[in-house]
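1. need a 3D model of the sequence below.
(one chain, ligands or ions: 1)
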Amino acid sequence: MTELLEIRNLHSCFSGIQGFYQHDSSVIGLPMRFSVYQPPQAQQHSVPVLFFLAGLTCTEETFMIKAGAQRYAADYGLMLVTMDTSPRETGIPGESDNWDFGSGAGFYLDATAPPWSNHYLMESYITQELYEIIVNQFPADKHRIGITGHSMGGHGALTLGLRHTEKFRSVSAFAPVSAPIQCPWGQKAFTHFLGKNQDYWRNHDATALIKDGHHISDMFIDQGLNDPFLSEQLRPDQLENACHNAGQKLTLRYHPGYDHSYYFISTFIDDHLKYHRDILNDSF
Ligand SMILES: N[C@@H](CCC(=O)N[C@@H](CSC=O)C(=O)NCC(=O)O)C(=O)O
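-> Presented below is the predicted three-dimensional model:
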């Protein structure tokens, strides 16, 4: 089915097109915004795609404005896709009261607990509705799609990448929330979105998924050592241990001096785009 897209803005960018779009999402039940960078190669043929999931307080614009990724994506012929980090203006009381939960903080899962379960269905939105829009309405090669993200979005990239292996061929993350069950951000979000029974939380925790037997061919993570969230919220050490014990391949790089910001992301974005390009171009 072809969904009606409202084009909010189009910009020429490194001989490609940076677009911002809005549509009435049938999954979310409200308007949703997303953004696509089409590299110049997309004017000739379908190209591989990289989904980027942004972190707490971000929107579909943040990565496109701050990461400096388009220059490399244009060189490598990669399409970039970002989306808002939650539904907006659902009418749920208090949804915008916290910066780390609710509006701008949807945690890339399908909420099962009311009232959030009415609209906060970000996993289905990304893996079904937005995915279909990208492969049907843009010059995207549906067999060559990867996923990455930052912080809360790194958690989303790892968990969606581990659970939707038929859709995402390559997985990486910047400073991901690696064990949300064990950190305050994750515990707060999962309690509200999924309810108090922690058995249901494991499906949305990269470390638990690895412990429970999920496996992908490779994972690539960059982490700054000057990141103020590292020891309390991110815990890549937990994921590293789980991967080691499960025989899951993981490249985890620690970078002295780098924090949690887009200055960190923009420094290493080229390495991630090359990583995805190499895997996606090897898919056949
Ligand atoms: N409370 C602060 C901090 C919010 C923040 O640091 N957000 C990060 C992601 S944190 C984990 O998901 C971010 O990417 N911010 C966007 C940016 O441009 O740096 C606040 O409300 O600002």
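2. residues in the stretch 51-200 of the chain within reach of the ligand, list them.
-> 55, 56, 57, 58, 62, 66, 99, 150, 151, 152 (CB under 6 Å from any ligand atom). The C-beta positions use only the backbone N, C-alpha and C, and glycine is treated the same way.
3. now the two most distant members of these.
-> The most widely separated members of those, counting by CB to CB, are 66 and 99 (17.6 Å).
4. what about the strands in this protein?
-> 6-13, 16-24, 31-38, 47-53, 79-83, 140-149, 170-174, 220-224, 251-255 (DSSP state E).
5. give the buried residues for the third one.
-> Going back to what we said before, that points to strand 31-38. 32, 33, 34, 35, 36, 37, 38 (16 or more other CB atoms under 10 Å).
6. got it, and stretch 255-274?
-> By 16+ other CB under 10 Å, the buried positions in stretch 255-274 come out as 255, 258-260, 262, 264-265, 267-270, 272-273.
7. what comes up buried for stretch 231-246?
-> 233, 234, 235, 236, 238, 239, 240, 242, 243.
8. out of those, who's nearest residue 1?
-> residue 239 (37.3 Å).
9. which residues touch the closest one?
-> Contact analysis of residue 239 by CB atoms under 8 Å, 6 or more residues apart in numbering lists 158, 176, 178, 179, 206, 207, 210, 221, 250, 252.
10. residue in the stretch 1-150 of the chain nearest to the ligand?
-> residue 55 (2.7 Å; CB to the nearest ligand atom).
11. that residue against residue 85, yeah?
-> Yes: assessed by CB atoms under 8 Å, residue 55 is found in contact with residue 85 at 7.3 Å.
12. got any residues that touch both of the two?
-> In contact with both residue 55 and residue 85: 152, 153, using CB under 8 Å, 6+ apart.
13. got the phi/psi numbers for the residue of the stretch 151-284 of the chain found nearest the ligand?
-> Nearest residue of the stretch 151-284 of the chain to the ligand: residue 151, at 2.8 Å (CB to the nearest ligand atom). Torsion angles at residue 151 (phi, psi; degrees, to the nearest 10) stand at phi 60, psi -120.
14. that one: how many residues sit nearby?
-> 25 (other CB atoms under 10 Å).
15. and the nearest residue to it once chain neighbours are set aside, how many residues sit next to it?
-> Nearest residue to residue 151, sequence neighbours excluded (CB to CB, 6 or more residues apart in numbering): residue 55, at 3.4 Å. For residue 55, the tally of surrounding residues (other CB under 10 Å) stands at 27.
16. mind pulling up the pLDDT for residue 55?
-> Here the pLDDT value assigned to residue 55 is 98.
17. ditto for residue 87
-> Residue 87 is given a pLDDT of 98.
18. what about the lengthiest helix in the chain, average pLDDT?
-> In the chain, taking DSSP state H as the definition, the longest helix is helix 262-281. The average pLDDT within helix 262-281 is 98.
19. which other helices and strands contact that helix?
-> strand 47-53, helix 62-66, helix 70-76, strand 140-149, strand 170-174, strand 220-224, strand 251-255 (3 or more CB pairs under 8 Å, 6 or more residues apart in numbering; DSSP states H and E).
20. is the ligand contacted by it?
-> Yes: contact of helix 262-281 with the ligand (CB under 6 Å from any ligand atom) involves residue 262.
21. show me which of the residues of the stretch 51-200 of the chain next to the ligand are buried.
-> Listed as buried from these are 55, 56, 58, 62, 66, 150, 151, 152; burial here means 16+ other CB under 10 Å.
22. the third one contacts residue 85, correct?
-> Yes: checked against CB under 8 Å, the pair residue 58 and residue 85 is within contact range at 5.2 Å.
23. anything in contact with each of the two?
-> Joint contacts of residue 58 and residue 85 (CB under 8 Å, 6+ apart) are 104, 153.
24. for residue 230, which non-adjacent residue is spatially closest?
-> Distances taken as CB to CB, 6+ apart place residue 223 nearest to residue 230, at 6.9 Å, with adjacent residues excluded.
25. in the sheet, who's paired with that neighbour?
-> residue 254 (DSSP bridges).
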